[in-house]
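> Below is the sequence, then the predicted model.
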Amino acid sequence: ADVRLKSLDDAPRALRHGQEVEFFCGAAEVMAKVRLLESDTLAPGHEGWAQLALSRAVPLVKGDRFVIRQPSPSLTIGGGVVVNPHPGRKHRRKQPSVIAQLETAAHGTPEEIILQALDSPPPLEVGELLRKSGMPRETLLEALERLRTQGQVVPIGDKTLTDATLVTTPHAWQALVGQMTDLLRAYHQQYPARLGMPKEEVKSRLKMPARPFNEIIQQAAAEGAVASDEAALRLPSHTPHFRPDEQAKVDALLAAFRRSPYATPSVAECEQAVGSEVFNALVEQGRLVKVSAEVVFLAETYDEMVDRVVRFIKENGSITVAQVRDMFSASRKYALALMEHLDQRKVTRRVGDERVLR
């Protein structure tokens, strides 16, 4: 708990940073460790800002008054008032910015307290803001509504203010979007051929839980700051491309596929020809379709093969791997890889030695 703490005038000695005390508030009595935020000691008769690390959870609200006693010999040595019962983290000591935040929390208006809590990423749920501020629900919701009307608070996603609504300030939102676009820009520079940065990687780099992250990227995409697909994020201006030396290798590889569309270079041969990074980019871009750990086809060849297999089954009721092999004058390796892939895609189903449509 963040507290304004006063050492009694007749306390036998100065209160020390890290000192263990007995904490009394209402009917609650627990041990606590004192974290002085402004100095290493608090002399008798002086007051200052502190955090009390309670040995167990105690129901506290902003404004609760408390007393501290030294354990042995038992003696009251100070007391004070709770400013924030749930700060959520340890404050850095001897930091003017921390002290200024605590002063605002103690003496500021509800609007000032809300803006202070929100003015850094990531956005907070209204319920979390309620817990951190210690304000009565009605007071907080009324203040939030005033700030939203004035454009000083921005809801993310759902515009109805409920405990689950994410809220932030325009300044914090722009800072968060800036972090995201800087990440994507650096990623595109490092991997120009990739469609985008995996969402999981973006979330990890931003150190953000799944729920706010999903709503944040939806909002950022709606504003045109990012483009989003199922698995990746990118800048709207990004177009995947290869460097000139890579493009020459890509052209040669794709030409090899076109010369022999049904007996194609293996995955290992592709990686040897263009490198694993470029090969994976070709798969990601949909220009190549990897049907097994070894077999890959040009996208247009793959579509043609699937169409012919499906049409054959519709006309004949079923198809075997040998019939697929003969249809494309390919080896069994390619025919089997294609059919097992279609089984996995749930296009076909194996019945004995035959495949039928699902």
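Good, I have the coordinates. Numbering: from 1, shown residues only.

> So for Asp158, what's the pLDDT?
On the pLDDT scale, Asp158 is placed at 69.

> er, Leu161 actually
pLDDT, read off for Leu161, is 85.

> give me every residue that touches Val34.
Applying Cβ atoms under 8 Å, 6 or more residues apart in numbering to Val34 gives the contacts 5, 15-21, 50, 52, 68. C-beta coordinates here come from the backbone N, C-alpha and C atoms, glycine included.

> beta partners of it?
Leu52 (DSSP bridges).

> gap between it and Glu20?
8 Å (Cβ to Cβ, to the nearest Å).

> With Thr301 instead?
74 Å.

> Who has more neighbours out of these two?
Taking other Cβ atoms under 10 Å, Thr301 and Glu20 do not tie; Thr301 has more neighbours (19 against 14).

> what's the spacing between that one and Val295?
12 Å.

> okay, and the common contacts of those two?
With Cβ under 8 Å, 6+ apart as the test, Thr301 and Val295 both reach Thr264.

> And the helices in the protein, which stretches?
96-107, 110-118, 126-133, 137-149, 170-190, 199-206, 210-222, 244-259, 267-274, 276-284, 299-316, 321-328, 332-344 (DSSP state H).

> Least confident of the ones you listed, on average?
For the helices of the chain, where the average pLDDT is lowest is helix 96-107, sitting at a mean of 80.

> what about the nearest residue to Pro59 once chain neighbours are set aside, how many neighbours?
Excluding the flanking residues, the one nearest Pro59 by Cβ to Cβ, 6 or more residues apart in numbering is Ala28, at 7.4 Å. Ala28: 15 surrounding residues under other Cβ under 10 Å.

> swap in the one 5 residues further on?
By the criterion of other Cβ under 10 Å, Lys33 has 15 neighbours.

> so how far is Gly134 from it?
Lys33 is 21 Å from Gly134, by Cβ to Cβ.

> Ok, Arg69 next?
Relative to Gly134, and taking Cβ to Cβ, Arg69 is found at 24 Å.

> try Ser120
19 Å.

> between these two, which one's more packed in?
More neighbours surround Gly134 than the other of Ser120 and Gly134, with 22 against 12 (other Cβ under 10 Å).

> thought that one was touching Gly88?
No. Contact criterion Cβ atoms under 8 Å: Gly134 and Gly88 do not qualify, at 11.9 Å.

> any shared contact partners between those two?
With Cβ under 8 Å, 6+ apart, Gly134 and Gly88 have no common neighbours.

> Phe24 - nearest residue in space that isn't next to it in sequence?
Val67 (4.6 Å).

> contacting residues for that neighbour?
23-25, 76, 78-79.

> Then Glu215?
156-157, 166.

> For Lys333, give its distance to Val321.
Distance, Lys333 to Val321, using Cβ to Cβ: 10 Å.

> Check Ala248 too.
From Ala248 over to Val321 (counting by Cβ to Cβ), the distance is 37 Å.

> The two: who's more crowded?
Val321 (18 against 12).

> so where's the stretch 1-150 of the chain uncertain?
For the stretch 1-150 of the chain, applying pLDDT under 70 flags no range at all.

> Against Gln174, how distant is His238?
Taking Cβ to Cβ, one finds His238 at 21 Å from Gln174.

> That concludes my questions; thank you for your assistance.
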